[in-house]
Structure formats: structure tokens, C-alpha cells
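A structural model of the following input is requested.
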Amino acid sequence: MSTPNRRRTPHLSPPRERPTRWECHCQEPPVLLATYDRSGRVNIKVRDRYWNVASPVHTVCPKCGAEHLLELPQDDGLFSPIP
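Numbering: from 1, shown residues only. Here you go, the predicted model:
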């Protein structure tokens, strides 16, 4: 007996929001300092490691040496919704 041809429906996961880029605009294109999402998690890549930290975050631009401070709001309602 042959089995009927069934098409598999791909399982679609809900769309994930894209993280927001935290950049230093000392050059073009801007230098990426970190990314962060609505939950407040900050992701920093240093060489071959990724650091997941919480706000506030202090960093220095590796290109120009400028100091930067990222303080995310604690209230999730302050983030605008993604269209």
C-alpha cells in the first residue's frame, strides 16, 4: 500500500522583535556598542564572547574613545510598539 501524499505545513513561530542598536556615531557607518530589547536585556559582543547585562551600562567606543551611558526605562510601556 502506498501512503497518501501529505504536505507538511511549516510551523511558524511568532515574529520576534528586532533588537535596538546602541551606536556611537563617530564615523560612518556607526560603531555598534550593543543591542537591547524591550525586556531591558543588553547584549554586548566583545571579541568572541557575548555578555548579557542589565541597564545601566557604561562603555567606551573602541574607535574614538568616547564614553557612553545607556539607561533603559524600567517601565515597558515607555517603549513604542513595533508596527
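
excluding its backbone neighbours, what's nearest C26?
For C26, ignoring the flanking residues on the chain, the nearest one in space by Cβ to Cβ, 6 or more residues apart in numbering is C64 at 3.8 Å. For the C-beta atoms, the positions are set from N, CA and C on the backbone; glycine is no exception.

pretty sure the one you found contacts Q27?
Yes - contact criterion Cβ atoms under 8 Å: C64 and Q27 qualify, at 7.5 Å.

Please identify the helix or strand for H68.
Here H68 sits within strand 67-70, counting by DSSP states H and E.

residues of that strand that come out buried?
Burial within strand 67-70, assessed by neighbour count using 16 or more other Cβ atoms under 10 Å, is assigned to L70.

again with stretch 32-50
Neighbour-count burial for stretch 32-50 flags L33, A34, T35, Y36, V42, I44 (criterion: 16+ other Cβ under 10 Å).

Checking the first one next. Helix, strand or coil?
Just to be clear, that refers to L33. strand (DSSP: H, G, I helix; E, B strand; the rest coil).

Where do the helices of this protein begin and end?
Using DSSP state H, no helices are found in the chain.

for it, what spans make up the strands?
Assigned by DSSP state E, the strands in the chain fall at 20-24, 31-36, 41-46, 49-54, 57-60, 67-70.

Are there helices or strands packed against the fifth one, and which ones?
Okay, so that is strand 57-60. For strand 57-60, the packing partners by 3 or more Cβ pairs under 8 Å, 6 or more residues apart in numbering; DSSP states H and E come out as strand 31-36, strand 41-46, strand 67-70.

Lowest average confidence across those strands, which one?
Lowest mean pLDDT within these: strand 41-46, at a mean of 88.

what's across from N43 in the sheet?
T35, N52 (DSSP bridges).
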